[in-house]
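Asker: Quick one, fold the following:
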Amino acid sequence: MKKGILIFIVFFLVGFLVLYILPIEVTHSRELKRGNILIENIENYVNETGKIPESHNWETLRSLGFMEDEMETAYPEIRQINDSTYELIFTIGFDPPYLMWNSQERIWKDDFPTIPDEWKNKN
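Answerer: Numbering: from 1, shown residues only. The predicted structure is shown next:
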């Protein structure tokens, strides 16, 4: 009986460590695939219009490939940080860190979203 519990605990810990150590390309492959499509469309939009799409302009977001259910749940959401930088954020769970793409850093990472400049200048 004690051996069975010990084996269960060892398998549980090994499984947890494997999931924790795996790169985001493995753990979030579906989100990365979807996000890369959206990023390509957003980059094309920015190159054509010279501006970042607004997160509340549903018509523009639809034309970029965001689906209705994605826009309602903010999964993923686009957030403009300043005039030249945006983040595409997949809100996985309640608390950060979230899976996100920053257009300035140009990498996928698990991190805390950046505070937009307009929020900093409210006071």
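Asker: so where's the chain uncertain?
Answerer: For the chain, the stretches with pLDDT under 70 are 1, 18-19, 70-74, 122-123.
Asker: Relative to the whole chain's centre, how far out is whichever strand or helix holds residue 46?
Answerer: Here residue 46, judged by DSSP states H and E, is contained in helix 29-49. Between the centre of helix 29-49 and the centre of its chain there are 12 Å (CA atoms, centre = their mean, to the nearest Å).
Asker: Mind listing what's buried along that helix?
Answerer: The neighbour-count check on helix 29-49 (16 or more other CB atoms under 10 Å) flags 31, 32, 34, 35, 38, 39, 41, 42, 45 as buried. Bear in mind the C-beta positions are built from the backbone N, C-alpha and C, glycine included.
Asker: for stretch 99-119, same thing?
Answerer: 99, 100, 101, 102, 103, 108, 111, 113, 114, 116.
Asker: still on that earlier bit, got the buried residues of helix 29-49 as a markdown table, with distance to residue 51 columns?
Answerer: Shown next, in a markdown table, are the buried residues of helix 29-49 (distance: CB to CB, whole Å):
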| residue | distance to residue 51 |
| --- | --- |
| 31 | 25 |
| 32 | 25 |
| 34 | 23 |
| 35 | 20 |
| 38 | 17 |
| 39 | 16 |
| 41 | 14 |
| 42 | 11 |
| 45 | 8 |
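Asker: out of those, which one sits closest to residue 120?
Answerer: Closest approach between the buried residues of helix 29-49 and residue 120, by CB to CB: residue 42, at 22.9 Å.
Asker: which residues touch the closest one?
Answerer: Counting by CB atoms under 8 Å, 6 or more residues apart in numbering, residue 42 touches 52, 53, 64, 78, 86, 88, 103.
Asker: contacting residues around the last one?
Answerer: Residues counted as contacts of residue 103 (CB under 8 Å, 6+ apart) are 39, 42, 43, 84, 85, 86, 87.
Asker: For stretch 50-59, list every residue counted as buried.
Answerer: Here stretch 50-59 shows 52, 53, 55 as buried, counting by 16+ other CB under 10 Å.
Asker: Redo those as CSV? Include distance to residue 10 and secondary structure.
Answerer: CSV is the format used below for those (distance: CB to CB, whole Å; DSSP: H, G, I helix; E, B strand; the rest coil):
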residue, distance to residue 10, secondary structure
52, 49, coil
53, 49, coil
55, 46, coil
